[in-house]
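> Next comes the sequence, and after it the predicted model I'd like to discuss.
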Amino acid sequence: MSHGGPTTRRFTEQRWLLDNVIRSVGVDWDQPRSIYLSTPMGPEANADFAGIRQRITKLADASPAFEAVARRREARAEAAEKEQHLVTARDNYFMAAIHWGAAQWPIDENNEQNRTYNTKKRECYASFARLADHHVEAAWIPLPNGQRLPAWFHLPPGHRDGRVPVVISVPGMDSFKEMSVALNGDRWLSRGMAVLALDGPGQYESPVLEIYFSMDAWIETGKAAAEWLRGRAEIDPDRIGLTGNSFGSFFGTIAAAHEPRIRAVSVSAVCHEPGFHTIFEEASPTFKMRFMYMSGITDEGKFDELRKTMTWEGHADKIRAPYLCLAGEAEELSPLVHTERLMKTLGGPMRLVVYQDSRYSVGNVPAANLGPFPPVLAADWMIDSLSGKAFPSEKWYVEASGRVVKSPL
């Protein structure tokens, strides 16, 4: 397979090993991708992912597998809309959009295939928005350099007037804005919050638009998103929160550090190691390839120089807003010691929640099943914090039994 994007030594040398691992373990070899992609779609997508897991036996299988399901879901949506079965059409447009987005994931260059998938994803999501049970609109967030970040703006179901709190949703390296809000029972919307789901600099649609990662760009992103939200009559300007998952835990921290109008920050599945040696040099080689694409860099040496500048140090100490961090005890992509150091630099109330036995993607262990469920904990904490509810700075250790052991931070 020809490739016009970045290349790395480890990816080239270990491609045979990577494909053998995928053949042995499946599409979730590096993280529970099929789980976090299917969750926002609901139970109807279970059969989709059962087939996808069977079909993907090497990295090159991923895009065709997701494309095939995306086309089937899109065709089903169009047929349902023609028959005026609008709920069925809505649901299938949503699922098609997620599958089109998933098909983009292995593509680390702005080729015709990536652009086509991106266009199909936007078209299907726009059709979902047209039929959704709540207000959804395309948003474009202006940056100082004239570029505009792609986003979707959601208002809670039933909203007619009045100002509501809002959360800025920042996805990770391998996730995207369309999957930030669930098809049904979304944790933010159901609590009366609006959502600004965006692809920040370097994330998914943004590099397709040649908006690449840089520290400066993320410093500006928090300001730009807050300013856009303050211009919306539906939004309470004093209740703007931010949530970030995976690499979004780093991006969101940088964005919030330079925007005091962000009044609460929640992060999970942490990426907090300055320089990010572990994820880029010891984990799956796909991570480094992906982030080089996100940065617009094809030369590995130049990227290694860039990544040395990637740190929360000198930024996180500016955060005065409440900060919630959910992490796995057995974190394998970003050693937990760096998250613990970050927490000690924050200037506001903080809560670090560590789940026993959990790996990087927080969950799928007894501690998360029997103790506070991570997505629910984050949503309840966010609405409480934006409502002004105070809490002590603490570390919570969630044992496998579900018991929470609290200690001062």
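Thanks, I have the structure now.
> Longest strand in this protein, please.
With secondary structure taken from DSSP state E, the chain has its longest strand at strand 235-245.
> buried stuff in that one?
Along strand 235-245, the positions that meet the burial threshold by neighbour count (16 or more other Cβ atoms under 10 Å) are 235-236, 239-245. In short, each C-beta sits where N, CA and C put it, glycine included.
> Show me the contact partners of it.
Contacts of strand 235-245 from elsewhere in the structure, counted by Cβ atoms under 8 Å, 6 or more residues apart in numbering, are 163-172, 175, 193-194, 222, 226, 229-230, 250-253, 255-256, 261-269, 378, 382, 385-387.
> Kindly recompute the last result at 7 Å.
Identification of contacts with strand 235-245 by Cβ atoms under 7 Å, 6 or more residues apart in numbering yields 163-172, 175, 194, 226, 229-230, 251-252, 255-256, 261-269, 378, 382, 385-386.
> Just those residues: which are in strands?
Under the assignment DSSP E, the contacts of strand 235-245 contribute 164-170, 194, 262-268 to strands.
> Which single one of those is nearest to Pro392?
Using Cβ to Cβ, Ala264 comes nearest to Pro392 of those, at 15.5 Å.
> Now for the ones in strands among the contacts of strand 235-245, which sits with the most neighbours around it?
Counting neighbours by other Cβ atoms under 10 Å, the top entry in those is Val170, with 35 neighbours.
> Parallel or antiparallel, which strands does the longest strand of the chain pair with?
Strand 235-245 pairs in its sheet with strand 164-170 (parallel), strand 262-268 (parallel), by DSSP bridges.
> In CSV, could you pull the C-alpha coordinates for the first one?
Extracted C-alpha coordinates of strand 164-170, given in CSV (Å, rounded to 0.1, in the frame of the first residue of the first chain):
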residue,chain,number,x,y,z
VAL,A,164,-27.8,26.9,29.9
PRO,A,165,-24.4,25.6,31.0
VAL,A,166,-22.1,24.2,28.3
VAL,A,167,-19.2,21.8,28.0
ILE,A,168,-16.5,22.0,25.3
SER,A,169,-15.8,18.4,24.3
VAL,A,170,-12.2,17.7,23.2
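> what sits up against it?
Applying Cβ under 7 Å, 6+ apart, the set of residues contacting strand 164-170 from outside is 156, 180, 188, 192-198, 200, 225, 229, 234-236, 239-244, 248, 251-252, 382-383, 386.
> With the last one instead?
Strand 262-268 is contacted from outside by 222, 226, 238-245, 249, 252-253, 256, 319, 321-326, 362, 374, 378, 381-382, 385-386, using Cβ under 7 Å, 6+ apart.
> tell me which element the closest residue to Leu131 other than its chain neighbours falls in.
Taking Cβ to Cβ, 6 or more residues apart in numbering as the measure, Leu131 lies nearest to Arg90, with 3.8 Å between them; neighbours along the chain are not counted. Using DSSP states H and E, Arg90 falls within helix 86-104.
> for that helix, packing partners?
helix 62-82, helix 112-131 (3 or more Cβ pairs under 7 Å, 6 or more residues apart in numbering; DSSP states H and E).
> Pull out the buried positions in it.
Residues of helix 86-104 classed as buried: 88-104 (neighbour count, 16+ other Cβ under 10 Å).
> now stretch 21-36
Neighbour-count burial for stretch 21-36, with 16+ other Cβ under 10 Å as criterion, is recorded at 21-22, 27-34, 36.
> Farthest from the middle of this structure: give me that residue.
Among the residues of the chain, the one whose C-alpha is farthest from the average of all C-alpha positions is Glu83, by Cα atoms, centre = their mean at 34.6 Å.
> Quickly list the domain ranges of this structure.
If the domains of the chain are taken from automatic domain parsing, they occupy 31-132, 133-274+311-409, with pieces of a single domain joined by a plus sign.
> So for the first one, first residue to last residue, what's the gap.
If I follow you right, that is domain 31-132. Start-to-end span of domain 31-132 (Cα to Cα, to the nearest Å) is 30 Å.
> Average pLDDT for that domain, rounded please.
What domain 31-132 shows for mean pLDDT is 96.
> how about the residue nearest to Ile297 when sequence neighbours are not counted, what does it touch?
Using Cβ to Cβ, 6+ apart and skipping the chain neighbours, the partner closest in space to Ile297 is Phe303 (4.6 Å). Applying Cβ under 7 Å, 6+ apart, one finds that Phe303 lies in contact with 292, 295, 297.
> For Gln147, state which of these is nearest.
Comparing those against Gln147 with Cβ to Cβ picks out Ser295 as the nearest, at 15.1 Å.
> tell me which element the residue nearest to Ile297 falls in.
Here Phe303 is assigned to helix 300-307, by DSSP H and E.
> same thing with Ala327?
With DSSP H and E as the criterion, Ala327 is inside strand 323-328.
> ok, that strand: who's next to it in the sheet?
strand 262-268 (parallel), strand 350-355 (parallel).
> starting at the chain centroid, how far to it?
A distance of 15 Å separates the centroid of the chain from that of strand 323-328, by Cα atoms, centre = their mean, to the nearest Å.
> And the residue nearest the centre of the protein?
Taking Cα atoms, centre = their mean as the criterion, Pro171 is the residue nearest the geometric centre of the chain, at 1.8 Å.
> Quick check: nearest residue in space to it, chain neighbours excluded?
Nearest in space to Pro171, with sequence neighbours left out and distances taken as Cβ to Cβ, 6+ apart, is Gly248 at 5.4 Å.
> Just give me the neighbour total for the one you found.
So Gly248, with other Cβ under 10 Å, has 25 neighbours.
> Thought Phe176 was touching it, still the case?
No: counting by Cβ atoms under 7 Å, Phe176 is not a contact partner of Gly248; they are 10.9 Å apart.
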